[in-house]
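Engineer: Need the 3D shape of this:
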Amino acid sequence: MDLSLTVLGCATPYPSADNPCSGYLVSHGDTRVWMDAGAGTLGPLQRHTRLEDLDAIWISHLHADHSADLLTAYYALVFADVSRDPVPLYGPPGIADRLAGFLTNGPERSPIESAFAVTELHDGHEAEVGSMRLSTAAVEHGIPAFGVRIEAEGRSLTYSGDTAPCPSLTALASGTDVLLCEAESAVKTPDMVHHTPEDAGETASRAGAGRLVVTHVGRFLTSQEAVTRAAARYQGTVGYAAPGTTITVG
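Structural biologist: Take a look at the predicted model:
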């Protein structure tokens, strides 16, 4: 069985006509995890799996370009034609109340827990989801934010979420087969909360990653510029997380 990553979208900070915001489907055998649920990703998710068949949702942080489609998923799970138990939802502290704050329109709190079985993430969190193991580490994004390493049958995929370069991400990605790393920033600034493409290359190099895939490329960069700049700092294969593509890990 292959461990695979399907790119639902990777745009930032808002979707384009042909590219939703950050969202990915990670699959291994019959196990399926929706990793980040940015604006516009619920639609393409359904080309590959049904909400009924998801084993879990994992959210890196609560910026809208990584989590907004949880709102529409809630309506599908509670009020529409989707019939299943609440979906296990792993996300930053406060995620349930954050969703309820938006969705509640009257005196009674919206029943978030009817749609999602919420587990709050913390640094060092571990979870077994079907045939996958998910290991979470806190990263540096100015708000509670996490990266994740997903392992199955000796293969590993590490996702940075949104973060400045940091030792915790490098450690999480150590020896990983594929590092899916954001490359949002075109230039370095003193208050960095993202990677530049060069940073992504350096993180992959320090971690000894087998392959680097840049994602979440900012509006002031093209995907090819991001790949070229990352490759200048990393000797392995560098690719771009093009929407609609599926990457086999290992």
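Engineer: which residues touch stretch 210-229?
Structural biologist: 5, 7, 10, 12-13, 22, 162, 175-186, 194, 196-198, 200-201, 204, 230, 234, 236-242, 247 (C-beta atoms under 8 Å, 6 or more residues apart in numbering). For the C-beta atoms, the positions are set from N, CA and C on the backbone; glycine is no exception.
Engineer: Quick one, which of those are buried?
Structural biologist: 5, 7, 10, 12-13, 22, 162, 176-186, 194, 196-198, 200-201, 204, 230, 234, 238-241, 247 (16 or more other C-beta atoms under 10 Å).
Engineer: Let me see the ranges of the strands in this protein.
Structural biologist: Taking DSSP state E to define them, one finds strands in the chain at 3-9, 23-28, 31-37, 56-58, 87-91, 116-120, 126-129, 132-138, 146-152, 155-159, 178-182, 211-215, 237-240, 246-249.
Engineer: how far off strand 132-138 does the fifth one point, in degrees?
Structural biologist: Following axes from the mean of the first three to the mean of the last three C-alpha atoms, to 10 degrees, one obtains 30 degrees for the angle between strand 87-91 and strand 132-138.
Engineer: Strand 87-91 pairs with which strands, parallel or anti?
Structural biologist: Neighbouring strands of strand 87-91 in its sheet, by DSSP bridges, are strand 56-58 (parallel), strand 116-120 (parallel).
Engineer: Equivalent analysis for the third one, please.
Structural biologist: Based on DSSP bridges, the strands next to strand 31-37 in the sheet, each with its direction, are strand 23-28 (antiparallel), strand 56-58 (parallel).
Engineer: what about the longest one, distance to the chain center?
Structural biologist: Just to be clear, that refers to strand 23-28. Here strand 23-28 is found 9 Å from its chain centre; the criterion is C-alpha atoms, centre = their mean, to the nearest Å.
Engineer: ditto for the last one
Structural biologist: For strand 56-58, the distance between its averaged C-alpha position and the chain's averaged C-alpha position is 10 Å (C-alpha atoms, centre = their mean).
Engineer: Against Ser135, how distant is Gly29?
Structural biologist: Between Gly29 and Ser135 the computed distance is 19 Å (C-beta to C-beta, to the nearest Å).
Engineer: okay, the two: which has more neighbours?
Structural biologist: Ser135 (16 against 13; other C-beta atoms under 10 Å).
Engineer: Contacts only, for the nearest residue to the more buried one once chain neighbours are set aside.
Structural biologist: Once flanking residues are discounted, Ser135 sits nearest to Arg149: 4.5 Å by C-beta to C-beta, 6 or more residues apart in numbering. If you count contacts by C-beta under 8 Å, 6+ apart, Arg149 has them with 134-135, 137, 156-159, 172-173, 176.
Engineer: Could you report the distance from Arg149 to Asn19?
Structural biologist: Separation of Arg149 from Asn19 (C-beta to C-beta): 25 Å.
Engineer: wait, Ser168 sits on Ala138?
Structural biologist: Yes: between Ser168 and Ala138 there is a contact under C-beta atoms under 8 Å: 6.1 Å.
Engineer: overlap in contacts of the two?
Structural biologist: Residues touching both Ser168 and Ala138 (C-beta under 8 Å, 6+ apart): Asp123.
Engineer: These two - which one has more neighbours?
Structural biologist: More crowded of Ser168 and Ala138, by other C-beta under 10 Å: Ala138, with 21 against 16.
Engineer: So the more buried one is in contact with His122, correct?
Structural biologist: Yes: assessed by C-beta under 8 Å, Ala138 is found in contact with His122 at 7.5 Å.
Engineer: which neighbours do the two share?
Structural biologist: Taking C-beta under 8 Å, 6+ apart as the criterion, Ala138 and His122 do not both touch any residue.
Engineer: doesn't Tyr234 make contact with Ser205?
Structural biologist: Yes: counting by C-beta under 8 Å, Tyr234 is a contact partner of Ser205 at 4.8 Å.
Engineer: Identify the spatial nearest neighbour of Leu99, chain neighbours not counted.
Structural biologist: Computed as C-beta to C-beta, 6+ apart, the closest residue to Leu99 that is not its neighbour in sequence is Ile112, at 5.1 Å.
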